[in-house]
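K.L.:
My questions concern the predicted model and sequence given below.
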Amino acid sequence: MKITRKQLRRLIAEAFKQKVPLFDPVTQGEIDALRQKGRQDADLSGLSASQIAKLTTLDQASPTQGRSLYQAFGSTEPGTSPQSEQDFLDAQDDYLVGLQDYNIEQALEDVFINGNRDPELLKQLGFTRFGDEDPNYRQSKMKNYSYHYTAYESILNKPIDDLMYVESISFNMSRFFYSIKHFLDNDERLGSQTVMRLFKVYREKGIDTPNLAVSSKLGGNEMIFI
């Protein structure tokens, strides 16, 4: 069965639509599980144990022939060839790039525009709660950058332990850091201003809107707090 690239993209889109905003791809294991489930409908009652063993061996040596035989016995497995499945999995590489960007855009809009502060969503984006850090790490940060952390508290109107952050490098680096920064810098609904020449403060455009995030550099490491 030959599948065009357009059909592949449609199949992948359908497979992924239930996974937004997660980022996990369809796997070979999921395809194999679907096939095994379909084969439970095959009626092999007329075959001897030896014939079933031969069918299993044939399926392993020549999957295309094996699938055709199982379908002849009533299997409701997907009618795709091994090559079609490989094409499907290969096509995900290109599709995933755009899909992940789309998912991140949705998530960031939810966080910064809709005000969603669900801990699991923030964790998935790479945010760390300052109050959950190792006490020695927190003490070191507060000692070396007390001015900055006092400013973060004041700008965001939150206790220091409730602040959450992502950083561009270092131990708590988020792989989505630059996606987050790009969203804050470029979304038309947001504005920013520099405070005390050190802090870039983001907020929704409008009158008396609260501050949403603040970014600054600490020792060469760029950080964004919310």
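P.N.:
Thanks, I have the structure now. Numbering: from 1, shown residues only.
K.L.:
Quick one: the helices in the chain, in order.
P.N.:
5-16, 28-39, 49-61, 63-72, 82-112, 119-124, 135-144, 146-156, 177-186 (DSSP state H).
K.L.:
Can you give me the neighbour number for Asp175?
P.N.:
Heads up, residue 175 is Arg, not Asp. Burial measure for Arg175: 9 neighbouring residues, criterion other Cβ atoms under 10 Å. Placement of C-beta: from N, CA and C, glycine included.
K.L.:
thinking again about what came up before, and the helices of the chain: which comes nearest Glu204?
P.N.:
helix 82-112 (8.1 Å; Cβ to Cβ).
K.L.:
close enough to count as contact, Lys85 and Gly29?
P.N.:
Just so we're on the same page, residue 85 is Glu rather than Lys. No - using Cβ atoms under 8 Å, Glu85 makes no contact with Gly29, being 11.9 Å away.
K.L.:
These two: which is more packed in?
P.N.:
Using other Cβ under 10 Å, the more surrounded residue of Glu85 and Gly29 is Glu85, with 17 against 8.
K.L.:
ok, that one to Gln60 distance?
P.N.:
For Glu85, the distance to Gln60 (Cβ to Cβ, to the nearest Å) stands at 15 Å.
K.L.:
quick check, distance from the longest strand seen in the chain to the centre of its chain.
P.N.:
Identified as the longest strand of the chain according to DSSP state E is strand 211-218. In terms of Cα atoms, centre = their mean, to the nearest Å, the centre of strand 211-218 is set 24 Å apart from its chain centre.
K.L.:
could you check the angle helix 146-156 makes with it?
P.N.:
Per axes from the mean of the first three to the mean of the last three Cα atoms, to 10 degrees, the angle that strand 211-218 makes with helix 146-156 is 170 degrees.
K.L.:
Which strands border strand 211-218, and is each parallel or antiparallel?
P.N.:
Strand 211-218 has the following sheet partners, assigned by DSSP bridges: strand 199-204 (antiparallel), strand 221-225 (antiparallel).
K.L.:
With respect to Tyr70, which of those lies nearest?
P.N.:
Nearest to Tyr70, of all the strands paired with strand 211-218, is strand 221-225, at 53.5 Å by Cβ to Cβ.
K.L.:
Could you list the buried residues of the closest one?
P.N.:
222-225 (16 or more other Cβ atoms under 10 Å).
K.L.:
which stretches of the chain aren't confidently modelled?
P.N.:
Across the chain, the ranges flagged by pLDDT under 70 are 1-24, 93-102, 170-174.
K.L.:
domain assignment for it?
P.N.:
What automatic domain parsing lists as the domains of the chain is 5-41+76-112, 119-225.
K.L.:
In a markdown table: the ones you listed, plus distance to Ala49.
P.N.:
Formatted as a markdown table, the domains of the chain follow (distance: least, Cβ to Cβ, whole Å):
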| stretch | distance to Ala49 |
| --- | --- |
| domain 5-41+76-112 | 17 |
| domain 119-225 | 49 |
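K.L.:
Appreciated, that's everything.
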